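Undergrad: Here is the input, now give the coordinates:
(chains A and B)
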2 protein chains.
Amino acid sequence: MNKTINVIKIGGNVIDDPVALNAFLTDFAAIERPKVLVHGGGREATRLSARLGIQNKMIDGRRVTDDETLEVVTMIYAGLLNKRIVAALQARGCKAVGLSGADGDLIPATRRPAEPIDYGNVGDIDANLVSDRFLEVLFSAGYTPVVCAICHDRHGNLLNCNADSVAAALAVGASRLGRVRLTYCFEQPGVMTDLTDEASLVPLVTPAIFDELRSSGKVSGGMLPKLSNALQCAADGVGEVRICRAADLCGLGGTIVRQA
Amino acid sequence: MNKTINVIKIGGNVIDDPVALNAFLTDFAAIERPKVLVHGGGREATRLSARLGIQNKMIDGRRVTDDETLEVVTMIYAGLLNKRIVAALQARGCKAVGLSGADGDLIPATRRPAEPIDYGNVGDIDANLVSDRFLEVLFSAGYTPVVCAICHDRHGNLLNCNADSVAAALAVGASRLGRVRLTYCFEQPGVMTDLTDEASLVPLVTPAIFDELRSSGKVSGGMLPKLSNALQCAADGVGEVRICRAADLCGLGGTIVRQA
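TA: So this is what the prediction gives:
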């Protein structure tokens, strides 16, 4: 494939804000194909669980997906949010096809072992198993996959996966077809050493810069695993990873993560 | 396309019975490609509405789809049921791709006018607009579409459609690619002149036989529009329409509906 394949992930903060989501989808529709949109879930799943009297069980800050919760996230991610986004993109002239990882065996996953912590119906992904063939079929015909983070185990069971990991796996899978740019859209302008100061944005992260940011304590918390995963994607064949604001999707801002 | 394209519709009675559904999906997986599965919703949507305190509004025995109800049916049909069926088919070696009518612009629909009766977010389908191109892309690559009855209006809105009509429109659309057999799986063995006696099964319905069955009163009620639609499909290019029990999917029983 000659053209760069754009894999773009939006998180819950964009999905929860109709104005921001509409603006984002207009920008996404304008990006040249081939492209993939990966979306998280936002607060809709938590809201529906609450209305149904299902308790959110968290262990170490991560959600446990019991059987009832798997039904809720499948309804919200693969049903309501995915189809709303697809219909909105169709209205913008983008030939979107909404998918879970079960569809076309796009993203097989393995149930996470119950030891040491049992997270329930949660799956981990091996990017080598992502169906680049299905992606190629859709790209060649001009379609744009819109993918939620519900995957399957090939034995008939659905599994709840992490949307960042789904985006990373799709980017690595797509890199077998051509050059890939993976963009994580985010509530901040990118990686910052001072979250209160946009001027502290780190424009480039390489493995050497990552080591320095980590050891000096300039970057900490949830950004460390995000950067570590982004560097792994770059090592696994993804040409460029960018972390930026959703509103800057078509711009040049944010943090670029590269192997060198 | 040289091979016959099978378009098969299952209704809520099969979906509501896990044993019957599993047996049906095993039969469906064994049918030669190309094929399409269209599924209705069953009682899950009514159950979820009840749990959420959303009242089912019926006019003349038909469900009104207000905004809240559209969310419920999108979650249940396009989310929970569609992905459960897809995962079950994948486990049976069938490369299923779960779709709504919005995905790939497969089935554009028009919001039904609010006069004389306002059914809310309900759509009607023009089979001429069904994307036979998207079907061909999937068929050629060996994929099997699994389609729910949520469609879109091309202006960003989802619409609840009738699953029998979705199956009919897909069959007529697919007939532009090759010979199509449309099968309606059903709780009865086929069209019967005495619902208490299986020996009263009508093996063949043509326009002339339909007129006789109707004028004599031997067939009445909900079967009349079903037969009328089946005859229209046959007139619109679908080679054969069969109405049979879900358990007889791979058999030869039931009622065949043909133009002549």
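
Undergrad: And the strands in chain A?
TA: A:5-10, A:35-39, A:58-59, A:62-63, A:96-99, A:109-111, A:123-125, A:144-147, A:150-152, A:158-160, A:180-186, A:204-205, A:240-245, A:255-257 (DSSP state E).

Undergrad: and these as JSON lines, adding mean neighbour count and distance to chain B?
TA: Backbone N, C-alpha and C define where each C-beta goes, glycine included. Shown next, in JSON lines, are the strands of chain A (neighbours: other Cβ atoms under 10 Å in any protein chain shown; distance: least, Cβ to the nearest Cβ, whole Å):
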{"stretch": "strand A:5-10", "mean neighbour count": "25", "distance to chain B": "17"}
{"stretch": "strand A:35-39", "mean neighbour count": "26", "distance to chain B": "13"}
{"stretch": "strand A:58-59", "mean neighbour count": "10", "distance to chain B": "23"}
{"stretch": "strand A:62-63", "mean neighbour count": "16", "distance to chain B": "18"}
{"stretch": "strand A:96-99", "mean neighbour count": "28", "distance to chain B": "5"}
{"stretch": "strand A:109-111", "mean neighbour count": "19", "distance to chain B": "11"}
{"stretch": "strand A:123-125", "mean neighbour count": "22", "distance to chain B": "12"}
{"stretch": "strand A:144-147", "mean neighbour count": "25", "distance to chain B": "8"}
{"stretch": "strand A:150-152", "mean neighbour count": "30", "distance to chain B": "4"}
{"stretch": "strand A:158-160", "mean neighbour count": "26", "distance to chain B": "5"}
{"stretch": "strand A:180-186", "mean neighbour count": "24", "distance to chain B": "21"}
{"stretch": "strand A:204-205", "mean neighbour count": "17", "distance to chain B": "36"}
{"stretch": "strand A:240-245", "mean neighbour count": "22", "distance to chain B": "24"}
{"stretch": "strand A:255-257", "mean neighbour count": "25", "distance to chain B": "32"}
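
Undergrad: does A:Cys250 really touch A:Thr26, like I thought?
TA: No - using Cβ atoms under 8 Å, A:Cys250 makes no contact with A:Thr26, being 9.6 Å away.

Undergrad: what about those two, which has more around it?
TA: Between A:Cys250 and A:Thr26, counting by other Cβ atoms under 10 Å in any protein chain shown, A:Thr26 is the more crowded of the two (15 against 11).

Undergrad: residue contacts, the more buried one?
TA: By Cβ atoms under 8 Å, 6 or more residues apart in numbering or on different chains, the residues touching A:Thr26 are A:Arg92.

Undergrad: Please apply the same query to A:Ala102.
TA: A:150-152, A:158, B:83, B:86-87, B:90, B:96, B:98.

Undergrad: In TSV: those, plus distance to A:Ala234 and pLDDT.
TA: Listed next are those as TSV, based on distance: Cβ to Cβ, whole Å; pLDDT from 0 to 100:
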residue	distance to A:Ala234	pLDDT
A:Ile150	27	98
A:Cys151	23	98
A:His152	28	98
A:Leu158	30	98
B:Lys83	32	98
B:Val86	32	98
B:Ala87	32	98
B:Gln90	31	98
B:Ala96	33	98
B:Gly98	32	98
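
Undergrad: in the stretch 151-260 of chain A, which spans are helices?
TA: With DSSP state H, counting those that start in this stretch as the definition, the stretch 151-260 of chain A shows helices at residue ranges A:163-174, A:207-215, A:223-235.

Undergrad: Brilliant, that's me finished.
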